[in-house]
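Asks: my questions concern the predicted model and sequence given below.
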There are 2 protein chains.
Amino acid sequence: MLATIIHAPGDIRVEDLPQPTILNPSDAVVRVVAACVCGSDLWPYRGVKPTKEAHGIGHELVSVVEEIGADVQTVKPGDFVISPFAISDGTCVNCKNCWTQACEHGTGFGGDDGFGLPVTGAQSQFVRMPYADGTLIATPEMPSDDLIPHLLTLADVMCTGHHAAVSAEVGPGKTVVVVGDGAVGLSGVLAAARLGAGRIIIMSRHEDRQKLAVEFGATDVVAERGEGGIAKIKELLGGLADCALECVGTKESMDQALHVLRPGGHLGYVGVPVGESALPLRYLFETNIHVAGGIAPAHTYIPELLPEVLNGTIKPGKVFDLEPPLSEAAEAYKAMDERRAIKVLLRP
Amino acid sequence: MLATIIHAPGDIRVEDLPQPTILNPSDAVVRVVAACVCGSDLWPYRGVKPTKEAHGIGHELVSVVEEIGADVQTVKPGDFVISPFAISDGTCVNCKNCWTQACEHGTGFGGDDGFGLPVTGAQSQFVRMPYADGTLIATPEMPSDDLIPHLLTLADVMCTGHHAAVSAEVGPGKTVVVVGDGAVGLSGVLAAARLGAGRIIIMSRHEDRQKLAVEFGATDVVAERGEGGIAKIKELLGGLADCALECVGTKESMDQALHVLRPGGHLGYVGVPVGESALPLRYLFETNIHVAGGIAPAHTYIPELLPEVLNGTIKPGKVFDLEPPLSEAAEAYKAMDERRAIKVLLRP
């Protein structure tokens, strides 16, 4: 089968590997219907995050169950399934607290499963899925092909944008600033609109992303950054914002998000922090800004978002603007790295 | 009148100053019934925070209105009033959002009022109170003398402990760890108990403070710190805590509070941060720990807490264990600095 392997920064190869098989009774093996490239996959691609040895990459997929282990009860061969980017057992204290991304036995894709057994990267034709019962969520029926991109966003970006909005306590009538116009930021706009925000400002300099943001529910676009961006937001809102969604992960984007918030405002951050990031405690102390976010508990959010994707109420898959075959994964990374694509969907 | 002045680290003097008068039509002049020394007053006393020039000190007082300016409508001479440690106009956007500590025209005690006019420190016999309508809260009638210490805590510590508990989202059945056994930490215990916490662990090494914590509702005392403290808490709770209250302000206490929390747990912090403090963003990102807190909007909380103080349901004034006359303020600072007293009440 074809699988995408990262060897070193900038070195993505699609290789022919043996098809995975059931190794534990709680496993499923799934056939990938669509996978995609995440903004966070660009960190090792760019060398910002080191790649010690070659490994499978990708953590977003939708698939059809091929085979299940003896203990699997909630999915069966032939089911169309969504798997969040984090594998979770569904039974530990953190899973029961709904923080599935912090599962005590959880793992990711492209590494090992905690038993020393390999888990394929999601940008592959087949994947062994540990803890199938705790991880996979089946759709009621086989979805039509046009729904695939929208369903695929539930594996990560839509749930992550939703996590930013929920963490920022977005609600009816609130004023919201979204920092970051990548797929997660755009999903954050859609999530904020869905939660009833009164005003949604996207900070973006890219015309195609601005356009999609407006389609997703942004009421205003601010191209300025730094002090200029803050001034523009103050002008638009007649003051500072109730909520800010940080969807990038750099110090600059975090500073931007913190400084558009009013005293007592809420920051929801989901950008993977680059380097040794820190939050300015004294500033938070003086402003009473609330800070929440992190890795999204996607498994927890999928049951809420899935029906709206299936009935077409939300169309988060519009973030995909390039759909090459899996064999062209190297080019897909290049396109995202060079910002020629917002997000790339790979069809095996 | 007598007023307490800080000249330099360790140099507290009670001096005879002219009695303040009405300077603005929104002012009141109040006669101080009781004032107290705050843990944060020890920062300049210890030289951790610089004292550029001599100024009045203290920001906690209960008082009786002597005189009001022409515009004052909500209090009248003879009223017993509580004033939070932060002066607020009650009309700006932040006050209307309930974040009175961030009032756009707000100020503190012992500095100037934003119009270049001096505000006396609260450890004085009389104080000019700017924005009397926005700042002062009158009791329905003149309270009995035994209520004075309890009412005085509403100026700061009880509201600050309550802010820690509210920021940590303490609620029925939650498990709570309180880091800091000073007056604020102890108030945090009382606040957590009042909000229905199921388990309250105070981290304390001082027998008198442990005893008061238990009286306030702590269910467990942990004397160990660092890794040992975390291990002990895990043993007591069978895991990590839902909520942590950081009531000190040092890096060590913040680390302690963050590391006793479960994934998705809530930190409420009210310790004034010492130095250039920062929060570890990557740790927060990986754990989804929520962070909220800062300077308490005491004015917002007083209406909720006052009735319970007046009817004796809560007795937060038990944190006072030394009651010298105002003239002995220098000795009061010394006693708190040397931890001979939890909190000192000064009677003018």
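Replies: Arrived safely, thanks for sending. Residues are numbered from 1 along each chain as shown, chains lettered A, B, ... in the order given.

Asks: list the contacts for the closest residue to chain B within the stretch 51-200 of chain A?
Replies: Nearest residue of the stretch 51-200 of chain A to chain B: residue A:102, at 3.6 Å (Cβ to the nearest Cβ). C-betas here are computed from N, CA, C, even on glycine. Counting by Cβ atoms under 8 Å, 6 or more residues apart in numbering or on different chains, residue A:102 makes contact with A:94, A:295, A:297, B:263, B:264, B:286, B:287, B:288.

Asks: ranking those residues by neighbours, who comes first?
Replies: When neighbours are counted by other Cβ atoms under 10 Å in any protein chain shown, residue A:297 leads the contacts of residue A:102 with 26 neighbours.

Asks: hang on, isn't that one packed against residue A:103?
Replies: No. Using Cβ atoms under 8 Å, residue A:297 is not in contact with residue A:103, being 9.5 Å away.

Asks: count the neighbours of residue A:192 for me.
Replies: Neighbour count for residue A:192, taken as other Cβ under 10 Å: 34.

Asks: which element is it on?
Replies: Assigning secondary structure by DSSP states H and E places residue A:192 in helix A:183-194.

Asks: just checking, what packs against that helix?
Replies: Counting contacts by 3 or more Cβ pairs under 8 Å, 6 or more residues apart in numbering or on different chains; DSSP states H and E, helix A:183-194 is packed against helix A:157-167, strand A:175-179, strand A:199-203, helix A:207-216, strand A:241-246.

Asks: deepest-packed of these, please.
Replies: strand A:175-179 (a mean of 32; mean count of other Cβ atoms under 10 Å in any protein chain shown).

Asks: what helices or strands is that one leaning on?
Replies: helix A:183-194, strand A:199-203, strand A:241-246, helix A:251-259.

Asks: contacts for it?
Replies: A:164-165, A:168, A:170, A:185, A:188-189, A:192, A:197-203, A:213, A:218, A:222, A:233, A:237, A:241-248, A:253, A:256-257, A:260-261.

Asks: pull that strand out as PDB, backbone CA atoms only.
Replies: This file holds the C-alpha atoms of strand A:175-179, laid out as PDB (Å, rounded to 0.1, in the frame of the first residue of the first chain):
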ATOM      1  CA  THR A 175     -17.700  40.100  19.500                       C
ATOM      2  CA  VAL A 176     -15.000  37.800  18.200                       C
ATOM      3  CA  VAL A 177     -11.600  38.400  16.600                       C
ATOM      4  CA  VAL A 178     -10.000  35.400  14.800                       C
ATOM      5  CA  VAL A 179      -6.200  35.500  14.500                       C
END
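
Asks: angle of that strand against helix A:251-259?
Replies: Angle of strand A:175-179 versus helix A:251-259, following axes from the mean of the first three to the mean of the last three Cα atoms, to 10 degrees, is 170 degrees.

Asks: which residues of chain A score low on pLDDT?
Replies: Scanning chain A for pLDDT under 70 picks out no residues.

Asks: would you mind listing what in it touches chain B?
Replies: Within chain A, the positions near chain B by Cβ under 8 Å from any Cβ of the partner chain are A:93-94, A:97-99, A:101-102, A:167, A:239, A:254, A:262-264, A:269, A:272-273, A:276-282, A:284-295, A:297.

Asks: swap in 6 Å and give it another go.
Replies: Within chain A, the positions adjacent to chain B are A:93-94, A:97, A:99, A:102, A:239, A:263-264, A:273, A:277-279, A:281-282, A:285, A:288, A:290-292, A:294 by Cβ under 6 Å from any Cβ of the partner chain.

Asks: and the residues you listed, which of them are in strands?
Replies: A:263, A:264, A:278, A:279, A:290, A:291, A:292 (DSSP state E).

Asks: save those residues as TSV, and put in distance to residue A:139 too.
Replies: TSV is the format used below for those (distance: Cβ to Cβ, whole Å):
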residue	distance to residue A:139
A:263	44
A:264	40
A:278	41
A:279	39
A:290	35
A:291	35
A:292	30
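
Asks: select from those residues the one having the most neighbours.
Replies: Most neighbours among those, by other Cβ under 10 Å: residue A:291, with 27 neighbours.

Asks: who's in contact with it?
Replies: By Cβ atoms under 6 Å, 6 or more residues apart in numbering or on different chains, the residues touching residue A:291 are A:267, B:291.

Asks: apply 10 Å and report the result again.
Replies: A:167-168, A:246, A:254, A:257-258, A:261, A:266-269, A:279, A:284, B:267, B:279, B:281, B:284, B:289-293 (Cβ atoms under 10 Å, 6 or more residues apart in numbering or on different chains).

Asks: residue A:46 too?
Replies: By Cβ under 10 Å, 6+ apart, the residues touching residue A:46 are A:9, A:10, A:333, A:337.

Asks: what do you get for residue A:99?
Replies: Applying Cβ under 10 Å, 6+ apart to residue A:99 gives the contacts A:88, A:92-93, A:106, A:294-295, A:297, A:299-300, B:262-265, B:287-288.

Asks: go again with 6 Å.
Replies: Residue A:99 neighbours (Cβ under 6 Å, 6+ apart): A:297, B:263, B:264.

Asks: hmm, the last one is touching residue B:290, no?
Replies: No. Counting by Cβ atoms under 6 Å, residue B:290 is not a contact partner of residue B:264; they are 7.5 Å apart.
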